[in-house]
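>>> one predicted model, sequence on top.
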Amino acid sequence: MTTRPEFLERVQREMARAVGLAPVAASPRPADPAGVAAAVRAAARGRVEELFARFRTEAEEVGAVVHRAATETEAGEVVWRLAAERGIRRVVTWSRRGLGWVAAVAARLGDGGLEVAEGAPEEAAGPGREPLRGILAAADLGLTGADLAIAETGSLVLASGAGKGRAVSLLPPIHVAVFGPEALVPGLEEAALVLEAWHASGPRGANVVVVTGPSRTADIELTLTRGVHGPKEVHAVFVASPAAG
């Protein structure tokens, strides 16, 4: 067993290898957040294939699995095959409104014989929330959309809100996020500008979840372990031509 002095010595040794910190400064807030965000999205629309290729490279580098589908119907087949290969029976999703066009994927899973339940309530409180805890805890797979997909880091951004509870993406051992071209942005700076516009437009959910590959931690003796604080598998399904992006 590692003693406390040995553990601290190892931490100090690893910290000594860190390079010097880069200088940082706060970015100025745009005077017109909505206009800046619209410009970011307009520029991204002209680079979809480039951004998706970068997203795929970076996401796979950190352990995510990236799929591509032409339509949401094809995406439903992709996710259903994934579930069948893993023997999955129970699926939880955002609410139908939270999923938007991704609801077609959830419908395919139900048609394929899987137990599909909405695991994110539309109301912030109420008697219907308590049973959801058991449903979420028993689920094999969580299905969500994605508000942004950051090409620079291979990250998925999920903004919470009515019908978009974060537990759907965090509790099940497998998380599948489905998104279209409108979600792609080049980098963290552009993602921050879009988030600033969301914030300026009015009240939003309580949190924003940034998913960069499967859950991992090295808290215990610097040994990398997956699935401790979230799903062991993360699948990103890009839909090139959704019916209603």
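Cool, the structure landed. Residues are numbered from 1 along each chain as shown.
>>> so what's the residue nearest to the spatial centre of the chain up against?
For the chain, the residue nearest the mean C-alpha position is Leu156 (3.9 Å; Cα atoms, centre = their mean). By Cβ atoms under 8 Å, 6 or more residues apart in numbering, the contact list for Leu156 reads Ala146, Leu148, Ala149, Ile150, Ala177, Phe179, Val210, Val211, Thr212, Val234, Ala236. (Each C-beta comes from the backbone N, C-alpha and C, glycine too.)
>>> go with 10 Å
55, 59, 64, 144-150, 169, 175, 177, 179, 183, 209-213, 234, 236 (Cβ atoms under 10 Å, 6 or more residues apart in numbering).
>>> and Phe55, by the same measure?
With Cβ under 10 Å, 6+ apart, Phe55 has these contacts: 64, 66, 149-156, 179, 183-186, 236, 238.
>>> Glu74 reaches Ala243, doesn't it?
No: because the distance of 11.6 Å does not satisfy Cβ atoms under 10 Å, Glu74 is recorded as not touching Ala243.
>>> of these two, who's got more company?
Between Glu74 and Ala243, Glu74 has the larger neighbour count (other Cβ atoms under 10 Å), namely 18 against 11.
>>> right, and the helix or strand after the lowest-mean-pLDDT helix or strand in the chain?
Between all helices and strands in the chain, the lowest mean by mean pLDDT, DSSP states H and E belongs to strand 225-226, at a mean of 60. Next along the chain after strand 225-226, taking DSSP states H and E as the criterion, comes strand 233-239.
>>> who's Val211 bridged to?
Under DSSP bridges, the beta-bridge partners of Val211 are Leu156.
>>> thought it was touching Ser155?
Yes: counting by Cβ under 10 Å, Val211 does reach Ser155; the two are 6.4 Å apart.
>>> okay, and the common contacts of the two?
With Cβ under 10 Å, 6+ apart, Val211 and Ser155 have common neighbours Ala59, Val62, Ala64, Ala146, Ala149, Ala236.
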